[in-house]
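Participant: below are the sequence and a predicted model; questions follow.
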Amino acid sequence: MASAAPARDPNCVFCDIVERRAPAWILFEDEHTMAFLDIFPFTRGHLLVIPKRHGARLTDIPFEDQMRLIRSLDEICRRVEQRLTPHYNVALNTGANAGQIVFHVHFHVIPRYGKGNPFGAGSRERLDETEARKVVSELSPA
Ligand code: 5GP
Ligand code: ZN
């Protein structure tokens with residue numbers, strides 16, 4: 001049941017990011033949601049949009065939080081379109097068999113710059129600090 005979801009999970013890295021117990025390159029934050037760069041980006045600017053309330057999957061969080069999440073996703077997609085590229089994938093992996101490895105609901109926004117497939121094995125390197133700083137400044141409000 002959606003309302004049964006705990007506000008936070010002590011073993012969840014995304015809850016730690018929300019509480020500033022773990023570092024992240026934060027792009028956006030409001031009372032209920034947050035967006036930050038993925039630590040192993042598929043492409044430049046690959047980011048995650050999350051609700052602050054913990055829930056493993058979209059259907060675990062209250063409907064109001066789902067709506068707030070979509071509103072923040074919209075905001076961040078607009079920034080990507082204006083400042084990086086109009087081409088991007090939005091993905092929501094749900095369940096281990098669907099590729100979910102962090103069980104705190106999150107939308108991926110993955111900018112695409114060319115026709116190449118960035119999702120092949122071995123294409124992900126840990127986020128570089130200099131690059132992260134640049135992407136954060138490009139995606140931050142002017
Ligand atoms: P999933 O496969 O669960 O949809 O995606 C989880 C994403 O979270 C992965 O793309 C992974 O690189 C990212 N990730 C995992 N741990 C961390 C972390 O501690 N910080 C950040 N910024 N991203 C993380
Ligand atoms: Zn969590």
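Facilitator: Here it is on my side, so go on. Ligands and ions are numbered 1, 2, ... in the order given.

Participant: identify the residues contacting the residue lying closest to Val18 once chain neighbours are set aside.
Facilitator: Spatial nearest neighbour of Val18, chain neighbours left out: Lys52 (4.9 Å); criterion: Cβ to Cβ, 6 or more residues apart in numbering. Backbone N, C-alpha and C define where each C-beta goes, glycine included. Lys52 makes contact with 18, 31-34, according to Cβ atoms under 8 Å, 6 or more residues apart in numbering.

Participant: Asp65 versus Lys52, what's the distance?
Facilitator: For Lys52, the distance to Asp65 equals 8 Å [Cβ to Cβ, to the nearest Å].

Participant: and if you look at Asp30?
Facilitator: Taking Cβ to Cβ, one finds Asp30 at 12 Å from Asp65.

Participant: ok, these two, which is more surrounded?
Facilitator: Remark: of Asp30 and Asp65, Asp65 carries more neighbours, 20 against 12, as counted by other Cβ atoms under 10 Å.

Participant: tell me the SS of that one?
Facilitator: At Asp65 the chain is in helix, as set by DSSP: H, G, I helix; E, B strand; the rest coil.

Participant: about what we covered before: quick check: pLDDT value at the residue nearest to Val18.
Facilitator: At Lys52, the pLDDT value in this model is 97.

Participant: picking up where we left off before, any common contacting residues for Lys52 and Asp65?
Facilitator: Common contacts of Lys52 and Asp65, defined by Cβ under 8 Å, 6+ apart, comprise His32.
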